[in-house]
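Undergrad: Have a look; sequence and predicted model below, questions after that.
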Amino acid sequence: MGTARSSWKVRAVVAVLVLLVAGLLHAYRNTNVLTADRLCGGLVSAANADAVLPGSGRVSAEGDGVADDLPDTECEVEKSSVVVGGGKGTLSVRVAEERGDFPVLDGRWPDPARASFFTGPVTGGVYEHDGWVLLPEKCWTDQPVIVEAHSSEPVSDTTAFGALLTDAAGAIAAERACGTLPKEPRTPRPPRSQAARPASEGRLCGLDGFSVHGQVPADSEVLEAGQVAPADLWSCTVFLGSDSNRLASANGFMTYMLARDPLLLAAVEKDPGTHEGTGPGGKEADVVEPQRIMLPCAQGAAYLALEPGLQYTETRQRHPGTPSLDAFFESSVRSAIRTFDCGAATR
């Protein structure tokens, strides 16, 4: 009888231990109960990474924190789970030096008209898989410095994505004593729609008096995609609803960008090619390149840029009378001057 009771107690203890080990193993492999609050030497918040990567699972990372040379800073985050249907995905967070107007000119970034931008205490943008935040100006050296992130999985929560980037940028700024940032940015402003939509005549891209009719083939349907304008950081891509090939149609006809955000303006000014000159109509401007200028305006400077798409190249080949880039840029600048009361001075 005593032996039977002892055997029962042993089995009970073993069963409890098995459940305990199984519970700990589940917590370790499928949740973040046993995960440190911050990853990669304090660079990335585990909670923010968990919010960005979809599903439930354990977040782990590789990385040594803020590097002596900032562009060497990298953090690779992974979410995994042994539960069927559990969370998965990877997130690469790193630091890079960029040209000031990289969102519109750097081909490794998606169309800026698809971004959700935020400005104010923090300047940045997030896309479906990618995002960036500018570090404070005191953190820069020869070029502006950004924190960027790239997700293997689509990110549906732009606010969480912006918070992850802002928090990482704040950790770097605190480590280097080169500025302070809030824990979260302002709510990102998304594009007006997920797909290009018919443009309003005389108010293309949300700017009063702006139109490309008379500059594009007469039978072209004009479409647009972008954020609500005017704004401190805004981009718009114009598409022509024509029989363009698929690649040209996806790339668009023309991308416009306008920025009044002080930090992004400071980043543009760092471009070594920036010099005093004149914009369209002889207006006083800081010129970066022929279709990239900064105009003095009533409420501060405004940066205006134009980048042609593959549809423009295709249209020029099919319709030799299509105007030059300068003509398209001048029409957008005239509209911006009216909207923001810019460029009163001439040289």
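TA: That came through fine. Numbers count the residues shown, from 1 in each chain.
Undergrad: Strands along the stretch 201-347 of the chain, start to end?
TA: Along the stretch 201-347 of the chain, the segments classed as strands by DSSP state E, counting those that start in this stretch run 222-226, 233-240, 254-259, 275-278, 284-289, 292-295, 302-308.
Undergrad: which other helices and strands contact the fifth one?
TA: This means strand 284-289. strand 275-278, strand 292-295 (3 or more Cβ pairs under 8 Å, 6 or more residues apart in numbering; DSSP states H and E). For glycine as for every other residue, the C-beta is placed from the backbone atoms N, C-alpha and C.
Undergrad: List the strands paired with the last one, with their directions.
TA: Applying DSSP bridges to the sheet, strand 292-295 is found paired with strand 284-289 (antiparallel), strand 302-308 (antiparallel).
Undergrad: hey, which of the ones you listed is tucked in deepest?
TA: strand 302-308 (a mean of 23; mean count of other Cβ atoms under 10 Å).
Undergrad: contacting residues around it?
TA: Residues from elsewhere that reach strand 302-308 (Cβ atoms under 8 Å, 6 or more residues apart in numbering): 101, 104-105, 253-260, 264-265, 268, 279, 291-295, 325, 328-329, 332-333, 336, 340, 342.
Undergrad: Out of the helices and strands packed on strand 284-289, the one nearest residue 159 is which?
TA: strand 292-295 (30.3 Å; Cβ to Cβ).
Undergrad: Let me see the mean pLDDT of that closest one.
TA: What strand 292-295 shows for mean pLDDT is 94.
Undergrad: cool, and stretch 138-155?
TA: 96.
Undergrad: Can you give me the buried ones in that stretch?
TA: By neighbour count on 16 or more other Cβ atoms under 10 Å, the buried set for stretch 138-155 is 139, 140, 143, 144, 145, 146, 147, 148, 149, 151, 153, 155.
Undergrad: will you turn those into TSV that also has secondary structure?
TA: Output for the buried residues of stretch 138-155, formatted as TSV (DSSP: H, G, I helix; E, B strand; the rest coil):
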residue	secondary structure
139	helix
140	coil
143	coil
144	coil
145	strand
146	strand
147	strand
148	strand
149	strand
151	strand
153	coil
155	coil
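Undergrad: ok, which pair from the residues you listed is furthest apart?
TA: 140 and 153, at 31.2 Å, using Cβ to Cβ across the buried residues of stretch 138-155.
Undergrad: Residue 146 touches residue 135, doesn't it?
TA: Yes. With contact defined as Cβ atoms under 8 Å, residue 146 counts as touching residue 135 (6.6 Å).
Undergrad: Find residues that contact each of these two.
TA: Residues touching both residue 146 and residue 135 (Cβ under 8 Å, 6+ apart) are residue 95.
Undergrad: Identify the residue spatially nearest to residue 154, adjacent ones excluded.
TA: residue 128 (5.1 Å; Cβ to Cβ, 6 or more residues apart in numbering).
Undergrad: Nearest to residue 215 among the strands paired with strand 292-295 would be which one?
TA: strand 302-308 (12.6 Å).
Undergrad: Give me the secondary structure label for residue 187.
TA: With three-state DSSP as the basis, residue 187 sits in coil.
Undergrad: Contacts only, for it.
TA: Going by Cβ under 8 Å, 6+ apart, residue 187 touches 118, 159.
Undergrad: So what does it have for phi and psi?
TA: Dihedral angles of residue 187 (phi, psi; degrees, to the nearest 10) stand at phi -60, psi 130.
Undergrad: and residue 236, what are its bridge partners?
TA: Assigned bridge partners for residue 236, using DSSP bridges, are residue 226, residue 256.
Undergrad: Confirm for me that it is in contact with residue 206.
TA: Yes. Assessed by Cβ under 8 Å, residue 236 is found in contact with residue 206 at 7.3 Å.
Undergrad: These two: who's more crowded?
TA: Neighbours per residue (other Cβ atoms under 10 Å) separate residue 236 from residue 206, with residue 236 holding more: 26 against 21.
Undergrad: taking the mean pLDDT, what do you get for the helix or strand harbouring residue 103?
TA: Element membership of residue 103, judged by DSSP states H and E, is helix 102-105. Per-residue pLDDT over helix 102-105 has a mean of 81.
Undergrad: Contacts for that helix, please.
TA: By Cβ under 8 Å, 6+ apart, the list of residues contacting helix 102-105 from outside reads 99, 109, 112, 115, 125, 132, 146, 235, 255, 257, 305, 307.
Undergrad: so what's in contact with residue 236 and residue 206 at the same time?
TA: Contacts common to residue 236 and residue 206, judged by Cβ under 8 Å, 6+ apart, are 226, 229.
Undergrad: Where do the helices of this protein begin and end?
TA: For the chain, applying DSSP state H gives helices covering 2-30, 46-52, 102-105, 158-176, 246-251, 262-269, 310-318, 325-340.
Undergrad: Could you dump those helices into TSV and include mean neighbour count and distance to residue 191?
TA: TSV is the format used below for the helices of the chain (neighbours: other Cβ atoms under 10 Å; distance: least, Cβ to Cβ, whole Å):
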stretch	mean neighbour count	distance to residue 191
helix 2-30	11	35
helix 46-52	23	19
helix 102-105	22	14
helix 158-176	23	11
helix 246-251	15	15
helix 262-269	20	18
helix 310-318	18	19
helix 325-340	19	18
